[in-house]
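Visitor: coords please:
(chains A, B, C and D)
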Amino acid sequence: MVEWTTFLYDATHLMVLIGIVASALMVVKFKDLISATIALAACSLLVSLEFLILQAPDVAIAEAAVGAVLTTAIFIFAIKGSRRREEY
Amino acid sequence: MLSNIPYLVVVALMVIGLYIILFKRNLIKLAMGITLLETGVNLFLITLAYRHGEVLHAPVFTSMILRNDTTFSLPTPHALTLTSIVIGVATTALLLTFFMQLYRKFKVSTTDDLRRLRG
Amino acid sequence: MSFYGSLIDNSPAIIIAIPLAFAFLTPLIDRFLGKSIRNFWAVLGVLLAGIMTFVMAYEVLGTGNAIEYVFGGPNGMDFPLTGGHPVRITFYVDGMGAFMGLIMAVVSMAAVIYSVSFIKKFTGGEKYFTLLFLMLAANFGMVFTGDLFNLFVWFEVSSVAVCGLTVFRTNRGESFEGAAKYLIYCTIGGLLLLFAIGLLYGEYGHLNINMLGEAIAGSAASKGLIMTDKIVLGILVSVFALKAGSVPMHMATPDAYSEAPAPITAMFVTASQAGLYALFRTGFTLYGSNAFTYANDTFTVKLPDLLELVHVAGWIIIILGVLSMFVGVTLALVQKDIKRLMAYHAISQTGYMLLGVGVGMAVLATADFTEFGRTAMAGGIFHIFNHALYKGLLFLTAGAIIYKAGTRDLNKMGGLGRDMKFTAVFFIIGALAIAGVPPMNGFSSKLLIYESVFRFNPVIGAIAMLVSLLTLASFVKVFYSAFMGPKKKEMKGGEVPNSMLIGMAVLAGMIVVFSIAPSLVVRSLVDPAVEALTGVAGDTSRNLTLFTGEGAWNTIVFLGAVLMAVIVALILHSRGQKGTVPKGEGKKPYLWGNPTEIDGRPIVVPGSNVYWGFTQALKKYFDPMDRLHSGLINEYVFWLILMAGIVIATLGFWGVVF
Amino acid sequence: MERMSPVVRTVVKIAFAPMFAFGAYIILHGHLTPGGGFQGGAIIGSLMALYLVAFGATAWKKKLLSGLESGGLLVFIGTGILGLVSGLMFYNFLADSDIPIFNEAVPTMLGYTHSNWAPLWTGGTISVMNLAVGIEVIAGLTLIVITMGLFAFEGKEGG
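Guide: Next comes the predicted model:
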């Protein structure tokens, strides 16, 4: 029983980590800056999950609120205030 | 074994962040690169805090159901990371405000055009 | 405990708290009590912080004991805290910290007084003063902290406040560019710094600088140097060199320096010097001072590995210093923008400080250190003080020139000397001091550096002297284009407002005083600072004479000799033939027979053409330099990463591969 | 800034109260549970950002917010300086004192099955500072978002 939960825990952990790298790569790849911002928010959210897994709940709360919501909002405002697409 | 994998993710995040800063010319992409770099450093600190088997320092949180009792997390790097997040959002906001102003004044959106001050 | 005693005990915290409290009360005061009271309030705040710093420095330097302050701990808490309390924030002020604190206090005083009139042309003065106080608090925090993480926090606060102030004049788009570049640079540097702090914490479990130093030494003694130590030293050296504005990482510094309002640039210089201070702390307190003991005039090396690392780091700092000196001054020579020119000079002068202290690090714990290394360090640290004074003064005069001339372009100025006599005098004082012309204070510190560095390596000493000459040359150019020549019609007449003059006069007066009595500073401030860093006591000065190891320097004697020479010359002159001797028509009054005026207007060589021949002759040097300073922030970051990589690789693989 | 669709507005209206309560809970329990002034403030701040996106930025008073921000910081620094009266900067002078704010002693763990349990009315200056930081962070983050939002959406020309 214990081994099963441990396995599930480790599998979740691994998937979160893969998700972080994948969303970070998406940030590089997307030419549409709004999409890149959403990828950045996903990355932040997954990192906040990772913080929770690494037993830092206080940091996880802060990262979820700041990284996933506020930073995204700021980036979207900045994109509205300038150009939406990356040039090349 | 699994506890070392986050370090690889830290390296990946920092490399991706630096790649964006070095090779992407869009200013907002650049800010995203800085954010990714910062996320990588934050993750590094939190991973560092996650320890096995040492009892010298005070743990803040343990999930006893999932892990054995010797796994815990150091409080100091948490405080460092929190501070770093605060500073990160402040610098990001300031930087993006500068970029918006630059776009309004010169219609600049890439670093190629941002070359009035040189030499 | 007496009131004075408790004031002294709490002084580091109070010095930080005063600017912070004033910073956040300024908007309220501005809103409810009006602008003039706000200005008075700002001056009051900076005076209070200054007086507090003086009191603390007097106590620290007088008793020779460092003040150790633990936030939130009970009175009389044991220090250093062993093991159990890694979360306490501590302040640690020793001779070096008090020395830097005094510099911050003096320059900020001049800057705030100067700002009172300067700010009248703009709106948003309350935000200006808020950010200025925040920056002052950050500067104090960086030099008083005893905690690496706290250092990082103040580093970032300082960057954010500086960038916020750089864009104070929102009508100039370029200021946003300079601030954005500097902010990107500082943020990346700060993240590298945080990474290094994380490495250290993971390895040793401490954040306190003194305890970390002991822990590193302990680990080096038991299991030898590990890779973490070397990598961390590499990162710290590159990041703090970035903050100080040393050459391969200097690219964004002139942009921000030249775009910030003049009083802010004066404080900007001290913010960079806080980076320099952190660099010295890293080299000595964190790594060097635990590797040897010094007693009875002999060194006993305890940890040769660690000392070797410090020597290599010292050589890296020397190379950075020489590069900064040379590249900074040559690029300054070709600038057209007056503030950009001075910004490049700031980089060049930073090279001197890096050079002096780098020599000290490179010969640390050898017999050479007591021979000349200590003198080199004293010169470098003394130069920090002098640089803050005269560079602050020069930036303030540049602000005054721009205030009156309405332009920053040297080619479009001219003839300001007729209306701005005081500013011209202050400018001459600053320019002579920065060029190291003999009676000035810049000469005293440069002499200490020249002579000791010459004994260390004659080539580097010669470069240092050459750079001094070039510095003088470029200030001749500024003086020529701004103050001399025909007056431009569109320029407003008259002198700048009084408060700006007072701000400049404060710094100019201090330069004059310390030119006449350099040993005052050296004995009471610089020697304790060197002792605090290295643990080696020594005296570079006696009475009013500086001793460089080779020779001695006494301003009074020098002035006396000059006076004698003048008197002799006057006597000879009075004995000569009176009147002029007309013999024929005489030659044309100009050199090569060119016409002196075209279309009824006198010919003036514009500022950027003064050294045309020189720059043409060195085209092979200036063209690649122009391409390197491309303005692309990506490339700038590339240089930073490359340089950090080189430094880390050099330190990490020294002795393994090399 | 244009108002968003009714769906968004309704969702924000519904989510407002629970999110606010959660943020306030995090702030008030800063000394007992994970979180504190910054985290709770960031939650309410992000709520404000949502509200702003849904309903537009014009209704907000910037002066009030900057006043709140300065006020929060002053309370924080003031609490630190008041600690000087009892000896040191940031000294926790409220804990176990006669001043009836957050002054209860933390109970020992004996007798409690769950080690995280303690009354809310403990913590001394820590709770006061959490409140101050919370107010400051809410005001500061909202101010950042409002300023940037106004700049991006409404100030296309001038201003």
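
Visitor: how about the residues of chain B by chain D?
Guide: With Cβ under 8 Å from any Cβ of the partner chain as the criterion, chain B comes near chain D at residues B:Val60, B:Phe61, B:Leu82, B:Val86, B:Val89, B:Ala93, B:Leu96, B:Thr97, B:Met100, B:Arg104. Where C-beta positions appear, they are placed from N, C-alpha and C, glycine not excepted.

Visitor: no, scratch that, I was asking about chain A
Guide: Within chain A, the positions near chain D by Cβ under 8 Å from any Cβ are A:57-58, A:61-62, A:65-66, A:69-70, A:73-74, A:77-78, A:80-81.

Visitor: same question, the stretch 151-300 of chain C
Guide: Counting by Cβ under 8 Å from any Cβ, no residue of the stretch 151-300 of chain C sits close to chain D.

Visitor: ok, and which of the residues of chain B next to chain D reach chain A?
Guide: Applying Cβ under 8 Å from any Cβ, the subset of those adjacent to chain A comprises B:Val60, B:Phe61, B:Leu82, B:Val86, B:Val89, B:Ala93, B:Leu96, B:Thr97, B:Met100, B:Arg104.

Visitor: the helix ranked longest in chain B and chain C in contact?
Guide: Secondary structure of chain B per DSSP state H: the longest helix is helix B:75-106. Yes: using Cβ under 8 Å from any Cβ, we find that helix B:75-106 touches chain C at B:75-77, B:79-80, B:83-84, B:87, B:90-91, B:94-95, B:98-99, B:101-102, B:105-106.

Visitor: so which residues on chain D come close to chain B?
Guide: Counting by Cβ under 8 Å from any Cβ, the residues of chain D near chain B are D:Pro34, D:Phe38, D:Gln39, D:Leu141, D:Ile144, D:Thr147, D:Met148, D:Phe151, D:Ala152, D:Lys156.

Visitor: can I get these in JSON lines with secondary structure, distance to C:Asp599 and pLDDT?
Guide: Output for the residues of chain D next to chain B, formatted as JSON lines (DSSP: H, G, I helix; E, B strand; the rest coil; distance: Cβ to Cβ, whole Å; pLDDT from 0 to 100):
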{"residue": "D:Pro34", "secondary structure": "coil", "distance to C:Asp599": "80", "pLDDT": "79"}
{"residue": "D:Phe38", "secondary structure": "helix", "distance to C:Asp599": "69", "pLDDT": "87"}
{"residue": "D:Gln39", "secondary structure": "helix", "distance to C:Asp599": "73", "pLDDT": "89"}
{"residue": "D:Leu141", "secondary structure": "helix", "distance to C:Asp599": "63", "pLDDT": "88"}
{"residue": "D:Ile144", "secondary structure": "helix", "distance to C:Asp599": "57", "pLDDT": "85"}
{"residue": "D:Thr147", "secondary structure": "helix", "distance to C:Asp599": "54", "pLDDT": "82"}
{"residue": "D:Met148", "secondary structure": "helix", "distance to C:Asp599": "54", "pLDDT": "83"}
{"residue": "D:Phe151", "secondary structure": "helix", "distance to C:Asp599": "50", "pLDDT": "79"}
{"residue": "D:Ala152", "secondary structure": "helix", "distance to C:Asp599": "53", "pLDDT": "77"}
{"residue": "D:Lys156", "secondary structure": "coil", "distance to C:Asp599": "48", "pLDDT": "45"}
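
Visitor: return only those of these found close to chain C.
Guide: Answer for the residues of chain D next to chain B near chain C: none qualify (Cβ under 8 Å from any Cβ).

Visitor: how many other residues sit next to the residue in chain D that chain B sits nearest to?
Guide: Relative to chain B, the nearest point of chain D is D:Ile144 (4.8 Å; Cβ to the nearest Cβ). Close neighbours of D:Ile144, defined as other Cβ atoms under 10 Å in any protein chain shown, add up to 24.

Visitor: tell me who's in contact with it.
Guide: With contact set as Cβ atoms under 8 Å, 6 or more residues apart in numbering or on different chains, D:Ile144 has these partners: A:Leu70, A:Ile74, B:Val89, B:Ala93.

Visitor: now with 7 Å?
Guide: The neighbourhood of D:Ile144, defined by Cβ atoms under 7 Å, 6 or more residues apart in numbering or on different chains, consists of A:Ile74, B:Ala93.

Visitor: may I ask which helix or strand of chain B has the lowest mean pLDDT?
Guide: Using mean pLDDT, DSSP states H and E, the weakest-scoring helix or strand in chain B turns out to be strand B:71-73, at a mean of 69.
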